[in-house]
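**Student:** Output the structure for:
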Amino acid sequence: MNGVTGVVVRLKLSLLRNGLRQSAGRRAAYITSVVFTLLYAALQLLGLILLRGSAHAATIAVLSTAVLALGWAVMPLFFPSGDETLDPTRLVMLPLRPQPLVRALLTASLVGIGPLFTLCLLTGAVVSTAHGAAGYGTAVVAVVLALLVCVALARAITAANIRLLTSRKGRDLAVLSGLVIAIGAQVVNFGAQQLGSGGLSQLDPAGDVLRWVPPASAIGAVDSMSNGSYGVGAAQLLLSAVALAGLLTLWSRSLTKLMTAPDASTLQAAEPGARKRTSAVPFRLLPAGRTGTVMERSLRYVWRDPKTKTAWVTSLAIGMIVPVFNALQGHGSVYFACFAAGMLGIQMYNQFGQDTSAFWMVATTISSPRDAYAELRGRALALLVITLPYAALVSVVTTAIIGSWEKLPEALGLTFALLGAMLATGTWTSARFPYSIPQEGYKNVAPGQTGIAWISIFGGLVAAALLSAPVIAATIWLNATAGGSEWTWLLLPAGTVYGALILLLSLRLTAPRAAQRLPEILAAVSKG
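**Tutor:** As a prediction, this is how the structure comes out:
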């Protein structure tokens, strides 16, 4: 390799080598990931080879390639910092033309664990489908073509979105990775159960469509050539080649724009008379006084703070996924909707921890239990703005899937009672067991405070369950008593009122304690 290509490849190897020199922990993590990836790739390769001769081998090979290409397209959006060479703006000051840069970056992209894993899976896919001289000859071309399409797809998407990905909003996009993983796991679980009951034949229609979608069409070409359909195979192979050419062209144009166009955000900021920021319309609907101010501050934390946003996105996603997917699988219950209230109620725990050392500004505004009560009430109401309608939505959706509309009132009553109990215990633990949330890194608890966090969360969960016991007992009693089902609708207003009362009681009891412990709270939340 000479010229730009050799320099870029050596640059990537140097970045990898220097990164591993930073710490022993990083080297151990990298080696562990390599070992597990290679083991998984070997198992995938073996599994596909064992499918050789099966009636559904081609379908599995095509679908595996399509899923692999989807991963190449999506993962750089969530983890743009995983490969330093993915950001072409680092090379903007160098006198490089787009075409040599495309060749260099494409070659460098073939170095790493991801391309090796992809190569193993594609090899297994063609081995399971190739037969005869035409099939084997096409297989060699198909593997190379499919691998290049996957890499070019990732590069083209990243280059087209690199301005966004390297901004603050782009970094916040990584928050959705947990959501994608959670939903993907449930979809895979649901799909596996369906396949277990209906067999692999259910995948054939999807395979028939995807064998014409690049890069899966390259694997479909191997099967077509093996079966003597030379014209169909050539067309499928041509589709992948055209897709590769199109992706390289799109990538080249994106690089040209990045290398020559100024940063739009800088131009906008420099414009005279730039638009002044004003308060959003939804915030104008909040009540006046301290309550509205606290609610707005808490809601802005949810929208802007990465750690807070991550926690909320995870809770919202899992709170919907668990009851809904259980209902879709046929073994759910309307009472599973209470899971959403439990997940969302956890957001009330450690309210002061999200302020970190800036809590001193809040502390200076609290001079009496009444001020502490207003502060805690505003934070609880901010959470209710999101959690109350969302918990109700999860209950309605779960009930609609199951079809037990007569149980919706009691499900909502239980949900609201549990939500009130979670907010009540969260209010108390926020004042009694605060802990710091580090702003940098992936840890959500500062060193030395892990025990406090566990006590706060799990102790609060147990206490919330005990506080909800009267409503739970009433639900069981009405459903077990003859004729009691006619009165279960009363659980909706009863659960709502009960949840509101215990929240108000917790606010009243916690406010004096919080006002007295302001120095201790500030010290606890400032350790991160």
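
**Student:** give me the element Arg300 is part of.
**Tutor:** helix 289-304 (DSSP states H and E).

**Student:** no, scratch that, I was asking about Ser217
**Tutor:** Taking DSSP H and E as the criterion, Ser217 maps to helix 216-226.

**Student:** What's the mean pLDDT across that helix?
**Tutor:** Per-residue pLDDT over helix 216-226 has a mean of 92.

**Student:** Touching it from outside, list them.
**Tutor:** The set of residues external to helix 216-226 that reach it, using C-beta atoms under 8 Å, 6 or more residues apart in numbering, is 58, 61-63, 65-66, 69, 122, 125-126, 129-132, 134-135, 137-139, 141-143, 145-146, 149, 210-212, 230, 232-234, 236-237, 239-240. Heads up, the C-betas are built off the backbone N, CA and C, glycines and all.

**Student:** now stretch 119-132
**Tutor:** Outside stretch 119-132, the residues that touch it by C-beta under 8 Å, 6+ apart are 41-42, 44-49, 51-52, 54, 57-58, 60-62, 64-65, 68, 135-136, 138-139, 142-143, 146-147, 219, 222-223, 225-227.

**Student:** Among those, which are located in helices?
**Tutor:** Per DSSP state H, helices hold the following members of those: 41-42, 44-49, 57-58, 60-62, 64-65, 68, 135-136, 138-139, 142-143, 146-147, 219, 222-223, 225-226.

**Student:** Just the buried subset of these, written out for PyMOL, thanks.
**Tutor:** In PyMOL, this line selects whichever of the ones in helices among the contacts of stretch 119-132 come out buried by 16 or more other C-beta atoms under 10 Å:
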select buried, resi 41+44+45+48+57+58+60+61+62+64+65+68+135+138+139+142+143+146+147+219+222+223+225+226
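
**Student:** Of the contacts of helix 216-226, grab the buried ones for ChimeraX.
**Tutor:** Selection of buried members from these for ChimeraX, criterion 16+ other C-beta under 10 Å:
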select :58,61,62,63,65,66,69,122,125,126,129,130,131,134,135,138,139,141,142,143,145,146,149,210,211,232,233,236,237,239,240
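
**Student:** Show me the shaky parts of the stretch 101-250 of the chain.
**Tutor:** 162-200 (pLDDT under 70).

**Student:** which residues in it form helices?
**Tutor:** 113-129, 132-165, 168-173, 176-198, 204-210, 216-226, 230-260 (DSSP state H, counting those that start in this stretch).

**Student:** can you give me the offset of the second one from its chain's centre?
**Tutor:** Spelled out, that is helix 132-165. Offset of helix 132-165 from its chain centre (C-alpha atoms, centre = their mean, to the nearest Å): 25 Å.

**Student:** now that helix against helix 216-226, angle please.
**Tutor:** Interaxial angle, helix 132-165 versus helix 216-226 (axes from the mean of the first three to the mean of the last three C-alpha atoms, to 10 degrees): 180 degrees.

**Student:** start at 280 instead
**Tutor:** Understood, numbering begins at 280; the last thing we discussed is helix 411-444.

**Student:** now the angle between helix 392-408 and helix 411-444, please.
**Tutor:** Using the same axes, to 10 degrees, the inter-axis angle of helix 411-444 relative to helix 392-408 is 150 degrees.

**Student:** Could you tell me the angle between helix 411-444 and helix 509-539?
**Tutor:** Angle, helix 411-444 to helix 509-539, by the same axes, to 10 degrees: 20 degrees.

**Student:** what about the strands in the stretch 580-729 of the chain?
**Tutor:** Assigned by DSSP state E, counting those that start in this stretch, the stretch 580-729 of the chain shows no strands.

**Student:** which stretches of the protein aren't confidently modelled?
**Tutor:** Applying pLDDT under 70 to the chain flags the ranges 280-281, 302, 304-305, 356-374, 441-479, 538, 540-563, 719-722, 807.

**Student:** Could you measure from the residue nearest to Val673 when sequence neighbours are not counted over to Met599?
**Tutor:** Sequence neighbours aside, Ala619 is the residue nearest to Val673 in space, at 4.0 Å (criterion: C-beta to C-beta, 6 or more residues apart in numbering). Distance of Ala619 to Met599, given as C-beta to C-beta, to the nearest Å: 6 Å.

**Student:** ditto for Arg331
**Tutor:** Here the criterion is C-beta to C-beta. By it, Arg331 lies 41 Å from Met599.

**Student:** Compare the two (neighbour count), which wins?
**Tutor:** Neighbour tally, Arg331 and Met599, criterion other C-beta atoms under 10 Å: the higher count belongs to Met599, 21 against 14.

**Student:** surely the more buried one meets Met622?
**Tutor:** No: if you go by C-beta atoms under 8 Å, Met599 and Met622 don't touch, sitting 9.1 Å apart.

**Student:** quick revisit: name the residues contacting each of Ala619 and Met599.
**Tutor:** Joint contacts of Ala619 and Met599 (C-beta under 8 Å, 6+ apart) are Val673.

**Student:** picking that back up, can you tell me which residues contact the residue nearest to Val673?
**Tutor:** Ala619 is in contact with Gly598, Met599, Pro602, Tyr669, Ala670, Val673, Ser674, Thr694, counting by C-beta under 8 Å, 6+ apart.

**Student:** How about Ala513?
**Tutor:** Applying C-beta under 8 Å, 6+ apart, we find Ala513 in contact with Ala500.

**Student:** Ser577 now?
**Tutor:** So Ser577 contacts Gln630, Gly657, Arg658, Ala661, Leu662 (C-beta under 8 Å, 6+ apart).

**Student:** Try it again at 10 Å.
**Tutor:** Going by C-beta atoms under 10 Å, 6 or more residues apart in numbering, Ser577 touches 587, 626, 630, 633-634, 657-662, 664-665.

**Student:** Throw those residues into a markdown table and include distance to Gly727, thanks.
**Tutor:** Shown next, in a markdown table, are the contacts of Ser577 (distance: C-beta to C-beta, whole Å):
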| residue | distance to Gly727 |
| --- | --- |
| Thr587 | 22 |
| Gln626 | 23 |
| Gln630 | 20 |
| Gln633 | 19 |
| Asp634 | 19 |
| Gly657 | 30 |
| Arg658 | 25 |
| Ala659 | 28 |
| Leu660 | 33 |
| Ala661 | 29 |
| Leu662 | 28 |
| Val664 | 34 |
| Ile665 | 31 |
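
**Student:** Among those, which lie within helices?
**Tutor:** Going by DSSP H, the helices hold Thr587, Gly657, Arg658, Ala659, Leu660, Ala661, Leu662, Val664, Ile665 from the contacts of Ser577.

**Student:** mind checking how far the first one is from Ser496?
**Tutor:** Between Thr587 and Ser496 the computed distance is 44 Å (C-beta to C-beta).

**Student:** neighbour count winner among the two?
**Tutor:** Ser496 (29 against 19).

**Student:** How much space separates the more buried one from Ser519?
**Tutor:** Going from Ser496 to Ser519 by C-beta to C-beta gives 5 Å.

**Student:** Please enumerate the shared neighbours of these two.
**Tutor:** With C-beta under 10 Å, 6+ apart as the test, Ser496 and Ser519 both reach Ala421, Leu424, Ala425, Val428.

**Student:** And these, which is closest to Thr316?
**Tutor:** Ranked by distance to Thr316 (C-beta to C-beta), the shared contacts of Ser496 and Ser519 are led by Ala425 at 18.7 Å.
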